[in-house]
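Asks: Would you be able to build a 3D model of this:
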Amino acid sequence: MHGQWDIALRDLDFAIGLDTRHDGAITWGEVQAHRSAIENYALSRLTIKGDGLTCTMQPTGQMIDDHTDGAYDVILFDAVCDKNIPSKLTVVYQLMYDLDPYHRGIVTIHAGDKIAGAVLGPSNPVASLNLREPDRWGEFKSFVTDGIWHIWTGIDHILFLLSLLLPAVLIRRRVPPANESWRKGTVMSEATGVVMAALTQRPQYRWEAATRFWPPCLDVIKVVSAFSLSHSITLSLAVLGIVHLPSRLVESGIALSVMVAALNNIYPVVHKRVWLIAFAFGFIHGLGFASALAGLQLPAGAMAASLGGFSVGVEIGQEAIVLAFLPLAYLMRKTRFYQVVLFRWGSLLIIAMATGWFVQRAFDVLIPGFSAIVPN
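Replies: Model (predicted):
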């Protein structure tokens, strides 16, 4: 069997250290210099068994490929089994299992016109794939799990959603003028009759607790539905190869969306139709979700199982966050802790975090100590 293993350079750098010049840019020369170390590290953490018997693996080449989420090292290898096409292939995947509990790998096996696949990681490192009758339901479930973890480990996606949900249990009301001096006044010129100046007190607003549960619930449904619709569109288009944007642009756009959503809580521009923000920025988040399925090239049946399962997983992960947040937010909505600490100061903290992400991603600069405090 012939194999191809794409591993993100950032993951390899984290695991074995590729950036010998410590300048943040990994060159092809540095990859070539570490070729043996890369092959030894990777292949020692991958086991392939054909009908229960371990296959012998031998590296045959190495190159670089660009995915939507950055550069990848491509390891080419041969796996020699007792049978040319075993009935069942078992894959044991342990890459970065001791370094990153959220790391995932997508395995796809082509055997003639049969294709089988699964998502593997530290919590589920073993997959048994039937090459004669691929288990589409099993593939679907593995991608559902991958979609859930992608949401739960994507702090920028979570903060974007929470920024939109924080004001759902509050109502923005106009504060009436305190006295007559706040009334609108004009000064007229007797000679010309032209308005020379207008002295007005700017309208004042404040956030108050919602009096009923169902209006906030309806707002949340609108926000989540709008976000789901738009990110599902671009997720599908990106995975199918119809839409492609540079990873730097996508990740910067996601950081900007978090910043705008939180800033809207402090200086409300859109407060009656927050779902519009969710819908608009959902398109860029969908492209970010697609990075988890980067390079997936499958026939229609396998693609439907993979993409459908991942989309369902994203929705489950998203709904779990919403269902946990909304009842607690409604119960705390009248407290100073919610209105000041969570809503106001929480939004300011999210703005600061998103600004740091945006600077790092858009301008490719490293803010000293920032990534240690806030994962990027």
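
Asks: Kindly state the pLDDT recorded for Val107?
Replies: On pLDDT, Val107 comes in at 87.

Asks: Spell out the secondary structure type for it.
Replies: What DSSP: H, G, I helix; E, B strand; the rest coil gives for Val107 is strand.

Asks: Please name the nearest non-neighbouring residue to it.
Replies: Residue nearest to Val107 in three dimensions, not counting chain neighbours: Val91, with 5.2 Å by Cβ to Cβ, 6 or more residues apart in numbering. Every C-beta, even on glycine, is put in place using the N, C-alpha and C of the backbone.

Asks: Met57: helix or strand, and which one exactly?
Replies: Met57 is part of strand 56-67, with elements assigned from DSSP states H and E.

Asks: From the chain's centroid, how far away is that strand?
Replies: Counting by Cα atoms, centre = their mean, to the nearest Å, strand 56-67 is centred 27 Å from the centre of its parent chain.

Asks: Show me what the next helix or strand after that strand is packed up against.
Replies: Counting by DSSP H and E, the element after strand 56-67 in chain order, helix or strand, is strand 70-80. In this structure, strand 70-80 makes packing contacts with strand 2-8, helix 9-16, helix 35-43, strand 56-67, judged by 3 or more Cβ pairs under 8 Å, 6 or more residues apart in numbering; DSSP states H and E.

Asks: outside of strand 70-80, which residues touch it?
Replies: For strand 70-80, the surrounding residues in contact (Cβ atoms under 8 Å, 6 or more residues apart in numbering) are 1-10, 12, 26, 31, 38-39, 42-43, 48, 55-66, 247, 295.

Asks: make it 7 Å
Replies: Strand 70-80 has contacts (Cβ atoms under 7 Å, 6 or more residues apart in numbering) with 1-10, 12, 31, 38-39, 42-43, 48, 55-65, 247.

Asks: between that strand and helix 9-16, how big is the angle?
Replies: Going by axes from the mean of the first three to the mean of the last three Cα atoms, to 10 degrees, strand 70-80 is angled at 70 degrees with respect to helix 9-16.

Asks: For strand 70-80, what is the distance to the chain centroid?
Replies: Distance of strand 70-80 from the chain centroid (Cα atoms, centre = their mean) equals 25 Å.

Asks: ok, now stretch 272-287?
Replies: Worked out by Cα atoms, centre = their mean, stretch 272-287 lies 14 Å from the chain centre.

Asks: Name the residues of that stretch that are buried.
Replies: Buried residues in stretch 272-287, counted by 16 or more other Cβ atoms under 10 Å: 274-275, 277-279, 281-287.

Asks: want to throw these into JSON lines with distance to Val322?
Replies: Converted to JSON lines, those look like this (distance: Cβ to Cβ, whole Å):
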{"residue": "Val274", "distance to Val322": "14"}
{"residue": "Trp275", "distance to Val322": "13"}
{"residue": "Ile277", "distance to Val322": "16"}
{"residue": "Ala278", "distance to Val322": "12"}
{"residue": "Phe279", "distance to Val322": "16"}
{"residue": "Phe281", "distance to Val322": "17"}
{"residue": "Gly282", "distance to Val322": "15"}
{"residue": "Phe283", "distance to Val322": "20"}
{"residue": "Ile284", "distance to Val322": "20"}
{"residue": "His285", "distance to Val322": "15"}
{"residue": "Gly286", "distance to Val322": "18"}
{"residue": "Leu287", "distance to Val322": "22"}
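
Asks: Convert the C-alpha atoms of stretch 132-146 to CSV, please.
Replies: Provided in CSV are the C-alpha atoms of stretch 132-146 (Å, rounded to 0.1, in the frame of the first residue of the first chain):
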residue,chain,number,x,y,z
ARG,A,132,-14.9,-4.5,1.4
GLU,A,133,-18.0,-2.8,2.9
PRO,A,134,-17.0,0.7,4.2
ASP,A,135,-19.0,1.6,7.4
ARG,A,136,-20.5,5.0,6.4
TRP,A,137,-22.4,5.2,9.7
GLY,A,138,-19.2,4.7,11.6
GLU,A,139,-17.5,7.4,9.5
PHE,A,140,-20.4,9.7,10.1
LYS,A,141,-20.2,9.3,13.9
SER,A,142,-16.4,9.9,14.0
PHE,A,143,-16.8,13.1,12.1
VAL,A,144,-19.7,14.2,14.4
THR,A,145,-17.3,13.8,17.3
ASP,A,146,-14.7,15.8,15.4
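
Asks: Could I get the full set of helices for the protein?
Replies: For the chain, the helices defined by DSSP state H cover 9-16, 28-33, 35-43, 136-152, 155-165, 214-239, 247-266, 275-290, 300-332, 336, 346-363, 370-373.

Asks: What angle do helix 214-239 and the longest one make with each other?
Replies: So that's helix 300-332. Here helix 300-332 points in a direction 150 degrees away from that of helix 214-239 (the same axes, to 10 degrees).
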